[in-house]
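Undergrad: Based on what follows, work out the 3D shape:
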Amino acid sequence: MGVPANNSGLAISETQSNKRRRNKSIVWEHFTLVAINGDSTRAFCNQCKKSFAYVTGTKLAGTSHLKRHISLGICPANRLNQGKNQMTPYNPASQARVTATFKARKYSRATPPSFDQDSCNYMIAKMVIQHDYPLQIVEDAGFAKFARTLQPKFISSVDAVEKLVMNIYSRCKQNLLNLLGEIPGRPSLTLDMRTSDLGVGYLFITGYFIDHHWKFHRRLLNVITVPHPDLEYSFSHAVSTCLTDWCFESKLFTLTVDESIANEAVRGNLRSLLSIKNLILDGQLIIGSCFARVLSQLAQDALESMTLIVEKVRQSVKYVKTDDVHEKKFFELKKQLQVPSAKELAIDDYAKWNTTYQMLMAASELKEVFYCLDTSDHDYKITISMDEWKQVEVLCKYLKVFHDSAIILAAPVYRMSSTFFREVWMIQRELMRSASSDDHFISTFTKPLSEKFDKYWKDCNLVLAVAAVMDPRFKMKYVVFSFEKIYNEGADSWIKTVDDGLHELFLDYFVQSLPPPVFVEDAFDNGIKPEAYQEGESLLNGDCFSDFDVYVNDFSKSHHDMKSELDEYLEETLLPQVQEFDVLGWWEMNKVKYPILSKMASDILCIPVSTVLPDSIFDTVKRHVDRFQSSLRPSTLQALFCARDWMQYESSELPLKIPIGNLKIEY
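TA: This is a model prediction of the structure:
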């Protein structure tokens, strides 16, 4: 469509201005409005004559698209005029204003930062620590080529990065030493052994403690190379090194060790070591087994007792999940049979026993589908009888007991030791009842499990019971209730053992709270000699007996106060059984009321029951030190493991501002 003459256009424009407010936008210096019909108006470019919608009925299109036509160089006539360097028939100043006003966002490269070799090496050292990369990565051809593509000046070496790793380790260690130097209580340790392919042992020693703000901490303290892990004294020597390294000689509270390394000879050596270092309750607080490993072993034993059936289920699940056609037929049959299960089938991981449990649970809920699958899918040849499926259900019942306790250990938030008395007691009670069941299959299946767990129960029930007492929701009442449920009339001796241990431990803390004795200067140094006693004269006469009476009276008062603080706590009403309860927060609020007992509680509540990290709770095989790590110097290996653990608790320590990129946005 052509554009009407200018006078017509101007007339129309004037008519439009009478209907609307006067157009103030500078875009109208380049466009003319033309009425097409009664309810439609279009804007025509004065240069290329192209028309654009402006008013359609009651809808106003606005001017944004008109501005883009001019400012972004879309108008062909405008580009042609600029290319020929000719004057445009419209005001150049107006065009400049439009371009300036509607200037598009553009990206430009900022000045790159100056290259800093030290900062680059530092960041690589952090990367190696945090991601468990081998130090040799900096000399790998691929990494070197990548780094030089980013920065041709970059040069690094294993030695340079190793030195920085040691520097980071030393700085983090000093921070941890400062933190440990301020803790008011006693730390506890766990010992976990890993080995290399060459049979060299590496003892991972982790500390657990409460700081003066009543916050719980778990830190890897040492990774000590044990060339001969089969020697009994190797572990006591490693623990002694750790105690000296962190100034724990007289502060250690408990030790938790893995059963695989804690035979009777090793325990004897550890008790001998700790007796010199202030042994608590004659070594009864040494836990000789890791709860996570005990659960893992029970689960594996249960699975192995039904190996053939478990393998049938595994192969059935693989048959369905590894072929789309098989899976489609399976779910069509499930729909036809109206099986309500919403669980998804998944192939298990041999290295994680919880995945096998989840596979069996899902398959068990779909047993009707598997049982009838051969009728709709003739390629399915695996036969699992309903009796076998019932055995799988029994297996899943006990795996669930172990799994529910392991989930607590695997939680990202660390649970205090008071949590685990109930967990251990429930497993002990369930296995004891099942082992004496009238059902022959159940009793035969659970008896070996019960015997194995009974050993763990007897080893740790005192420690865990004392920890449960420190929870104001439980106290001794829950301990009494639990033992009576298991042992009935024979519970008294178990209860007495806990009560005696609790009071003996409190006595130890009470004695420590007493002021140190005051020694009177020896009068002999001043040349004063004692008078000779006459024959038959008693040393305990007159004033001596009076002093003794005062001493007995003071001791009785102190002893009464000691008993009253503990007994007052035990006799108070239990707190409500709420799911989420901050036991450390409760003791912090009541530390003035129970000054001695609160110190004891802080040490007891952080006793560890597991020696492995949360991400390894369900492992069926122990972790190994790989060939890259075992080839390092012992000091470097320790630095890498410990620094990686410590750095996750520290804020960014690099004082330099490393730019993320070199692009900036201009508006």
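Undergrad: What helices and strands are in contact with the helix or strand encompassing Phe370?
TA: For Phe370, the host element (DSSP states H and E) is helix 367-376. Applying 3 or more CB pairs under 8 Å, 6 or more residues apart in numbering; DSSP states H and E, we find helix 367-376 packed against helix 324-337, helix 386-410. (C-beta placed from N, C-alpha, C; glycine too.)
Undergrad: Please identify the most buried of these.
TA: Of all these, helix 386-410 has the most neighbours on average by mean count of other CB atoms under 10 Å, namely a mean of 17.
Undergrad: Quick one: distance of whichever helix or strand comes after that helix to the chain centre.
TA: Note on helix 386-410: by DSSP H and E, the next helix or strand toward the C-terminus is helix 420-435. The chain centroid and the centroid of helix 420-435 are separated by 27 Å under CA atoms, centre = their mean, to the nearest Å.
Undergrad: Hey, what's the angle from the helix holding Phe370 to helix 386-410? Just curious.
TA: 130 degrees (axes from the mean of the first three to the mean of the last three CA atoms, to 10 degrees).
Undergrad: Let me know the average pLDDT across helix 367-376.
TA: Taken as a whole, helix 367-376 has a mean pLDDT of 92.
Undergrad: Now find how far off-centre it is within its chain.
TA: Offset of helix 367-376 from its chain centre (CA atoms, centre = their mean): 42 Å.
Undergrad: Dump that helix to CSV, keeping only the CA atoms.
TA: The C-alpha coordinates for helix 367-376 follow below in CSV (Å, rounded to 0.1, in the frame of the first residue of the first chain):
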residue,chain,number,x,y,z
LYS,A,367,5.2,-61.0,43.9
GLU,A,368,1.8,-61.7,42.3
VAL,A,369,3.1,-60.1,39.1
PHE,A,370,6.3,-62.1,39.1
TYR,A,371,4.4,-65.3,40.0
CYS,A,372,2.2,-64.9,36.9
LEU,A,373,4.7,-63.3,34.6
ASP,A,374,5.5,-66.5,32.6
THR,A,375,1.9,-66.6,31.4
SER,A,376,2.2,-63.3,29.6
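Undergrad: thinking again about what came up before, reformat the helices and strands packed on helix 367-376 as JSON lines; add mean pLDDT and distance to Trp425.
TA: As requested, the helices and strands packed on helix 367-376 are exported to JSON lines (pLDDT from 0 to 100; distance: least, CB to CB, whole Å):
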{"stretch": "helix 324-337", "mean pLDDT": "93", "distance to Trp425": "40"}
{"stretch": "helix 386-410", "mean pLDDT": "96", "distance to Trp425": "11"}
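Undergrad: Tell me how many other residues crowd the residue lying closest to Val609 once chain neighbours are set aside.
TA: Take Val609 and drop its neighbours on the chain: the residue closest to it by CB to CB, 6 or more residues apart in numbering is Phe291, 4.3 Å away. By other CB atoms under 10 Å, 26 other residues sit near Phe291.
Undergrad: I'd assumed Val612 was in contact with Phe291.
TA: No - using CB atoms under 8 Å as the test, Phe291 is too far from Val612 to be in contact (9.5 Å).
Undergrad: To Ala141, which of the helices and strands packed on helix 367-376 lies closest?
TA: Nearest to Ala141 among those is helix 386-410 (39.8 Å), distances taken as CB to CB.
Undergrad: and the closest one, what other elements does it pack with?
TA: So helix 386-410, by 3+ CB pairs under 8 Å, 6+ apart, packs with helix 291-304, helix 307-321, helix 353-365, helix 367-376, helix 420-435, helix 440-469.
Undergrad: Could you give the separation of the second one from the chain centroid?
TA: In this case it means helix 307-321. Counting by CA atoms, centre = their mean, helix 307-321 is centred 33 Å from the centre of its parent chain.
Undergrad: What is that helix packed up against?
TA: On a contact count with 3+ CB pairs under 8 Å, 6+ apart, helix 307-321 meets helix 324-337, helix 353-365, helix 386-410.
Undergrad: In stretch 432-443, which of the residues would be classed as buried?
TA: Neighbour counts over stretch 432-443 (16 or more other CB atoms under 10 Å) mark Met432, Ser434, Ala435, Ile442 as buried.
Undergrad: Tell me how many other residues crowd Lys458.
TA: Lys458 has 11 neighbours, counted by other CB under 10 Å.
Undergrad: Looking at it now. What's its pLDDT?
TA: pLDDT for Lys458: 93.
Undergrad: can I get the helices and strands packed on helix 367-376 in a markdown table with distance to Leu180?
TA: Formatted as a markdown table, the helices and strands packed on helix 367-376 follow (distance: least, CB to CB, whole Å):
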| stretch | distance to Leu180 |
| --- | --- |
| helix 324-337 | 55 |
| helix 386-410 | 25 |
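Undergrad: With respect to Gln151, which of these lies nearest?
TA: Of all the helices and strands packed on helix 367-376, it is helix 386-410 that lies closest to Gln151, at 41.9 Å by CB to CB.
Undergrad: and the angle from that closest one to helix 353-365?
TA: Using the same axes, to 10 degrees: helix 386-410 against helix 353-365 is 140 degrees.
Undergrad: got the angle between helix 386-410 and helix 440-469?
TA: 10 degrees.
Undergrad: these two touch, right, Ile382 and Arg314?
TA: No - Ile382 is beyond contact range of Arg314, at 9.9 Å (criterion: CB under 8 Å).
Undergrad: In terms of neighbours, single out the busier of the two.
TA: The residue with more neighbours, out of Ile382 and Arg314, is Arg314; 18 against 15, by other CB under 10 Å.
Undergrad: Phi, psi for the residue most central in space within the chain please.
TA: For the chain, the residue nearest the mean C-alpha position is Pro412 (4.0 Å; CA atoms, centre = their mean). The phi and psi values for Pro412, taken as degrees, to the nearest 10, are phi -70, psi -30.
Undergrad: sorry, back to before: ok, residues contacting the helix holding Phe370?
TA: For helix 367-376, the external contacting residues (CB atoms under 8 Å, 6 or more residues apart in numbering) are 316, 329-330, 332-334, 337, 339, 363, 380-384, 386, 389, 392.
Undergrad: one step back: please report the distance of the residue nearest to Val609 from Arg148.
TA: 50 Å (CB to CB, to the nearest Å).
Undergrad: bridging residues for Phe204?
TA: Beta-bridge pairing of Phe204 under DSSP bridges involves Asp192, Val223.
Undergrad: Before I go, just wanted to say thanks for your time.
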